[in-house]
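A.B. asks: Whatever this is, show me its structure:
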Amino acid sequence: MQNVSEKTMNLEEITEYCVLLVEDDQIMRLSLIDRLRLEHIPANAVGDIASAKKELSKGDIDLVITDIRLPDGTGIGLFTHISTHYPGIPVILMTAYGDISDAVSLVKAGALDYLTKPFDISEFIDKVKHHLSRIADTHLILDHPELNDSFKAGSGRLGKSTEMRRIERLVARLCKSDSSVLITGESGVGKEVVSSLIHNNSLRKKGPMIKVNCAALSSNLIESELFGHEKGAFTGAINQRIGRFEQAQGGTIFLDEIAEVSPNIQVKLLRVLQEREIERVGGVSPIKLDVRVIAATQVDLDESIKNSEFRSDLYWRLNVIHIHIPPLRERREDIIYLARLFVSELTTKTASTIKGLSSEAERQLQSMSFRGNVRELKNIIERAVALCDGQWIGARDLMFEDINNNDIHSVTLKESIEEAEQKAINTALAENESKINLAAKHLGISRKNLWEKMKRYGIEK
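C.D. replies: Next comes the predicted model:
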């Protein structure tokens, strides 16, 4: 058993991580979960393996603590499932004295640690905090033309929102995995950035990363593009062609807009994932593949499967690890964070004298709905940097006739209410010299309610 470190985590570090407790004894489960929450450690608790698998599929779990004996199986089976489908998520085992040999075997197989029942609850908490601190020390290297820097997993390099920090930590846990990954989210949220992050922090990072936009390929050419063709395979095939999968040998292939491929190509992709081999168009000999597949889509694949537009068996082959990136409007605390980052990068690249965004510009950004997500935000900042005449980017530098035009984009009632709330809060803070009590009174809400709304919309005091 590992010794518990003296290192402690501060409150902000602890609340960035989520623990899953799997314990069938209700009294013990409630006691442990209450103590975890008392220590400000976010935690979910379930009583069986089926429920644990459901929680794990949500992608928010950073540490699993499980009993070895469970009503629908054993902790051994759950550990195997986690090792296969969620590699890198650490597991702590709770075991009775008679099962210590099983726990020791699992630790040798890669489990993080074990506790022997009965144990002191303070020992339990110390061990959890110790291992959470080790997770916080995991490092990632983000190698992307727009975001190129070293950062800690969960440090907020992709954004300061809880959702994006959890995606960073999930990617960190995938560093030794070769499993297929499905990334979902609206256009412009950063699916390609996350795919690059996965590749550049994997064992394949020295190999190629081949990116394919499936929607941009002609239905007549996509098979040749993906799998290649032999000379003379069809009219115009005057030379042999190496397809994208072969080009990705030893590395990763990123299939963007995967929902756009035809049923015929879906069948061939399923075979590639099952057999790990391809045949060029017009070829007769299979070619073995050593390629990791990352797919992405903005389409609801569950709906596509119901409509017989996408094969369910291909979906499950791709969806071994699922990463969903929420739209920017649902993580508004990232807007100013990313805007400042883009300004810094663009001004450094262009040797500009611009110092940054004015407070009016930041308020303007917070009021936008960003239908185009992070891509739209970056475009706005890039144009503002190019056109700004002063040292500070003002609100007028962000205004373009094709951005946030409600005549072009329909806005939901929920979005309209959120935009009105943000404007009202910014106005109240400005008129009351950023004094929270006065601003809350002006708005007719409690101080606590105002703080919560400011945090939700990413509004800084």
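A.B. asks: and the residue nearest to R292 when sequence neighbours are not counted, bridged to which residues?
C.D. replies: Spatial nearest neighbour of R292, excluding adjacent residues (Cβ to Cβ, 6 or more residues apart in numbering): T252 at 4.6 Å. (Each C-beta comes from the backbone N, C-alpha and C, glycine too.) Counting by DSSP bridges, T252 forms beta bridges with M209, R292.
A.B. asks: Quick one: residues contacting T252.
C.D. replies: Contacts for T252 (Cβ atoms under 8 Å, 6 or more residues apart in numbering) come out as 195, 198-199, 202, 204, 207-210, 291-294.
A.B. asks: if we go to 6 Å?
C.D. replies: Residues near T252 by Cβ atoms under 6 Å, 6 or more residues apart in numbering: 199, 204, 209, 292.
A.B. asks: The nearest residue to the second one once chain neighbours are set aside - how many residues pack around it?
C.D. replies: Using Cβ to Cβ, 6+ apart and skipping residues adjacent in sequence, the residue nearest R204 is G251, 5.1 Å away. G251: 18 surrounding residues under other Cβ atoms under 10 Å.
A.B. asks: sorry, back to before: pipe the contacts of T252 into JSON lines and attach neighbour count per row.
C.D. replies: Compiled in JSON lines, the contacts of T252 are given as follows (neighbours: other Cβ atoms under 10 Å):
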{"residue": "H199", "neighbour count": "25"}
{"residue": "R204", "neighbour count": "19"}
{"residue": "M209", "neighbour count": "20"}
{"residue": "R292", "neighbour count": "23"}
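A.B. asks: right, and the pair among those residues with maximum separation?
C.D. replies: For these, the maximum inter-member distance is 9.3 Å, found between M209 and R292 (Cβ to Cβ).
A.B. asks: dump the residue contacts of T74.
C.D. replies: So T74 contacts I68 (Cβ under 6 Å, 6+ apart).
A.B. asks: Now the spatially closest residue to K288 that is not a sequence neighbour: phi and psi?
C.D. replies: Residue nearest to K288 in three dimensions, not counting chain neighbours: E277, with 5.1 Å by Cβ to Cβ, 6+ apart. Reported as degrees, to the nearest 10, the phi and psi values for E277 are phi -160, psi 160.
A.B. asks: before we move on, back to that, verify the stated contact: the residue nearest to R204 with P208.
C.D. replies: Yes: here G251 reaches P208: they are 4.0 Å apart, a contact under Cβ atoms under 6 Å.
A.B. asks: Mind pulling the model confidence for the residue nearest to K288?
C.D. replies: We have a pLDDT of 92 for E277.
A.B. asks: Please work out how many residues are found near it.
C.D. replies: 13.
A.B. asks: Could you do W392 as well?
C.D. replies: 14.
A.B. asks: Kindly provide the distance from it to V343.
C.D. replies: According to Cβ to Cβ, to the nearest Å, W392 stands 10 Å off from V343.
A.B. asks: do the same with G228
C.D. replies: 43 Å.
A.B. asks: so where's the stretch 351-461 of the chain uncertain?
C.D. replies: 400-416, 461 (pLDDT under 70).
A.B. asks: what about the strands in it?
C.D. replies: Using DSSP state E, counting those that start in this stretch, the strands of the stretch 351-461 of the chain run over 356-357, 392-393.
A.B. asks: just checking, what packs against the last one?
C.D. replies: What it means is strand 392-393. Strand 392-393 is packed against no helix or strand, with contacts defined by 3 or more Cβ pairs under 6 Å, 6 or more residues apart in numbering; DSSP states H and E.
A.B. asks: let's go with 10 Å and repeat that
C.D. replies: helix 333-350, strand 356-357, helix 359-366, helix 373-387 (3 or more Cβ pairs under 10 Å, 6 or more residues apart in numbering; DSSP states H and E).
A.B. asks: What residues of the first one count as buried?
C.D. replies: Think helix 333-350. Neighbour-count burial for helix 333-350, counted by 16 or more other Cβ atoms under 10 Å, picks out 333-339, 341-343, 345-347.
A.B. asks: Identify the farthest-apart pair in those.
C.D. replies: Distance extremes for these: the farthest pair is E333 and T347 at 22.8 Å, using Cβ to Cβ.
A.B. asks: Show me where the stretch 101-250 of the chain has its helices.
C.D. replies: Ranges of helices within the stretch 101-250 of the chain are 121-136, 162-173, 191-200, 222-227, 244-247, based on DSSP state H, counting those that start in this stretch.
A.B. asks: Could you dump these into TSV and include mean pLDDT and distance to A440?
C.D. replies: Shown next, in TSV, are the helices of the stretch 101-250 of the chain (pLDDT from 0 to 100; distance: least, Cβ to Cβ, whole Å):
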stretch	mean pLDDT	distance to A440
helix 121-136	82	34
helix 162-173	80	24
helix 191-200	92	37
helix 222-227	88	57
helix 244-247	94	56
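A.B. asks: Using JSON lines, please lay out these together with distance to N449.
C.D. replies: What follows is the helices of the stretch 101-250 of the chain, written out as JSON lines (distance: least, Cβ to Cβ, whole Å):
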{"stretch": "helix 121-136", "distance to N449": "31"}
{"stretch": "helix 162-173", "distance to N449": "20"}
{"stretch": "helix 191-200", "distance to N449": "34"}
{"stretch": "helix 222-227", "distance to N449": "53"}
{"stretch": "helix 244-247", "distance to N449": "52"}
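A.B. asks: between those, which one is nearest to K423?
C.D. replies: Closest to K423 of these, according to Cβ to Cβ: helix 162-173, at 24.2 Å.
A.B. asks: other SSEs contacting the closest one?
C.D. replies: Using 3+ Cβ pairs under 10 Å, 6+ apart, the elements in contact with helix 162-173 are helix 121-136, strand 139-142, strand 149-152, strand 181-184, helix 191-200, strand 321-324, helix 333-350.
A.B. asks: Please enumerate the shared neighbours of W392 and V343.
C.D. replies: Common neighbours of W392 and V343, using Cβ atoms under 10 Å, 6 or more residues apart in numbering, are 354-357, 361.
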